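*Asks:* Prediction below, plus the sequence it came from.
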Amino acid sequence: MRTMPAEAATVERYRGAVADSRFKRLWNANAPGYLFLLPWLLGFFGLTFGPALMSLYLSFTDFDMLRSPGWVGAANYVRIATADPKFASAMSVTLTYVMLAVPFKLAFALMVALALNRGIKGLPIYRAIFYLPSLLGASVAIAVLWRQLFAGDGLVNAALAQFGIQGPSWISHPNYSIYTLVALSVWQFGSPMIIFLAGLRQIPQDMYEAASLDGASKFRQFYKITLPLLTPVIFFNAVVQTIDAFKAFTPAFIISGGTGGPINSTLFYTLYLYQEAFGNFRMGYASALAWILVIIIAIFTAFSFLSSRYWVHYDD
């Protein structure tokens, strides 16, 4: 009976040695991977996850960047829902932009992808040229150029004048200003076009040959073969472009001079958030606006995934 504690201690030491040995083997096997991941992990927790949690906390405070944040509970969210007419205006402008820009951009990108998929010579050159607007479109320089194009004395009205048409000042007219931003978004069709082109290349050609032998027209082949087999790519592009459209900021900020005018016709949600945070110094209120935007995007994304089962066709 006296040897039992010693035996138990020996067993515990053995188990500890085995656990240490397993840990060392796992560490030696995975340490290089974790070291390569370390910069990303530091960036994610230090620049994304950490600030996101901080903004969630600030959304329940009256923080104005001049004083310490004071807890106000859900007062910011109550004010957004009941006593902020600019929130409704910004939400209406943003939804209008999303509902117009995303379908037109995807339709135009698909048309260009179909044209490039016909086996034309110099395809890599055309692909690079058409992709270029996606690289430049979100820049400040392009937004400034777009403002000059659609000004009252801009190039667009100069071209219309050649046909005897007197165009309005597109960016300073509340009925037309949002459409200049939609046109700028559609012009940045390169990214979804490249993805559409890759999807078209994956469709077996023998399906088109069989359909042609059966007498199917080009339109019927597109409707019955191309579109169903391309629905996973359409779904991916739709989700990505919808999220990007909700986050659009630079074009509206530059073209409207940061005001969202004329008459709030270009007051995107992100621009209104920026005004509240850095114009009015209501950082707590702006944080609440940011989290509402996160929730709205999450709802749209969840709806897209739930509805995809009815129209997205996979191989299985």
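*Replies:* That came in fine, so what should we check first? Residues are numbered from 1 along each chain as shown.
*Asks:* Residue ranges in this structure under the pLDDT threshold?
*Replies:* Along the chain, segments meeting pLDDT under 70 span 1-21, 23, 137-138, 315-316.
*Asks:* Mind checking which residue lies nearest the centre of it?
*Replies:* residue 244 (2.3 Å; CA atoms, centre = their mean).
*Asks:* what about that one, which helix or strand?
*Replies:* Using DSSP states H and E, residue 244 sits within helix 227-246.
*Asks:* Identify each buried residue in that helix, please.
*Replies:* Neighbour-count burial for helix 227-246, counted by 16 or more other CB atoms under 10 Å, picks out 229-239, 241-246. (Glycine included, C-beta is placed from N, CA and C.)
*Asks:* Also stretch 147-161?
*Replies:* For stretch 147-161, the neighbour count (16+ other CB under 10 Å) marks 147, 149-151, 154, 156-157 as buried.
*Asks:* Stretch 187-205 now?
*Replies:* Neighbour counts over stretch 187-205 (16+ other CB under 10 Å) mark 187-197, 199-200 as buried.
*Asks:* now what about that stretch, what contacts it?
*Replies:* In this structure, residues lying in contact with stretch 187-205 by CB atoms under 8 Å, 6 or more residues apart in numbering are 105-106, 108-110, 112-114, 116-117, 127, 130-135, 137-138, 225-226, 229-230, 232-233, 236-237, 240-241.
*Asks:* Quick check: the closest residue to residue 273 other than its chain neighbours vs residue 24, distance?
*Replies:* Of all residues not flanking residue 273 in the chain, residue 289 sits nearest, at 4.7 Å (CB to CB, 6 or more residues apart in numbering). Taking CB to CB, to the nearest Å as the criterion, residue 289 is separated from residue 24 by 49 Å.
*Asks:* In terms of neighbours, single out the busier of these two.
*Replies:* Between residue 289 and residue 24, counted using other CB atoms under 10 Å, the more crowded position is residue 289 (26 against 10).
*Asks:* give the contact list for the more buried one.
*Replies:* Counted by CB under 8 Å, 6+ apart, residue 289 has contacts 80, 87, 269, 272-273, 276.
*Asks:* Closest to residue 297 out of these?
*Replies:* Set against residue 297, the nearest of the contacts of residue 289 by CB to CB is residue 269 (10.2 Å).
*Asks:* for the closest one, what are its contacts?
*Replies:* Per CB under 8 Å, 6+ apart, neighbours of residue 269: 90-91, 93-94, 246, 289, 293.
*Asks:* out of these, which is most surrounded?
*Replies:* The most neighbours of any of the contacts of residue 269, using other CB under 10 Å, belong to residue 289, which has 26 neighbours.
*Asks:* Shouldn't that one be within a strand?
*Replies:* No: secondary structure of residue 289 (DSSP: H, G, I helix; E, B strand; the rest coil): helix, not part of a strand.
*Asks:* Buried ones among the contacts of stretch 187-205?
*Replies:* Among the contacts of stretch 187-205, those scoring as buried are 105-106, 109-110, 112-114, 116-117, 127, 130-131, 133-134, 137-138, 225-226, 229-230, 232-233, 236-237, 241 (criterion: 16+ other CB under 10 Å).
*Asks:* Could I get the full set of helices for the stretch 151-300 of the chain?
*Replies:* For the stretch 151-300 of the chain, the helices defined by DSSP state H, counting those that start in this stretch occupy 155-161, 177-187, 190-201, 205-213, 218-221, 227-246, 250-255, 269-274, 283-311.
*Asks:* could these go into JSON lines alongside distance to residue 100?
*Replies:* Formatted as JSON lines, the helices of the stretch 151-300 of the chain follow (distance: least, CB to CB, whole Å):
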{"stretch": "helix 155-161", "distance to residue 100": "18"}
{"stretch": "helix 177-187", "distance to residue 100": "5"}
{"stretch": "helix 190-201", "distance to residue 100": "15"}
{"stretch": "helix 205-213", "distance to residue 100": "32"}
{"stretch": "helix 218-221", "distance to residue 100": "25"}
{"stretch": "helix 227-246", "distance to residue 100": "9"}
{"stretch": "helix 250-255", "distance to residue 100": "14"}
{"stretch": "helix 269-274", "distance to residue 100": "15"}
{"stretch": "helix 283-311", "distance to residue 100": "15"}
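*Asks:* right, and those - which one's nearest residue 72?
*Replies:* Closest approach to residue 72 among the helices of the stretch 151-300 of the chain (CB to CB): helix 283-311, 7.3 Å.
*Asks:* burial of residue 275, as a residue count?
*Replies:* Number of residues near residue 275 (other CB under 10 Å) recorded here: 20.
*Asks:* My read is that it contacts residue 260, right?
*Replies:* Yes: with contact defined as CB atoms under 8 Å, residue 275 reaches residue 260; the gap is 7.4 Å.
*Asks:* can you put the contacts of residue 289 in TSV and add distance to residue 65?
*Replies:* Output for those, formatted as TSV (distance: CB to CB, whole Å):
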residue	distance to residue 65
80	19
87	21
269	21
272	18
273	15
276	12
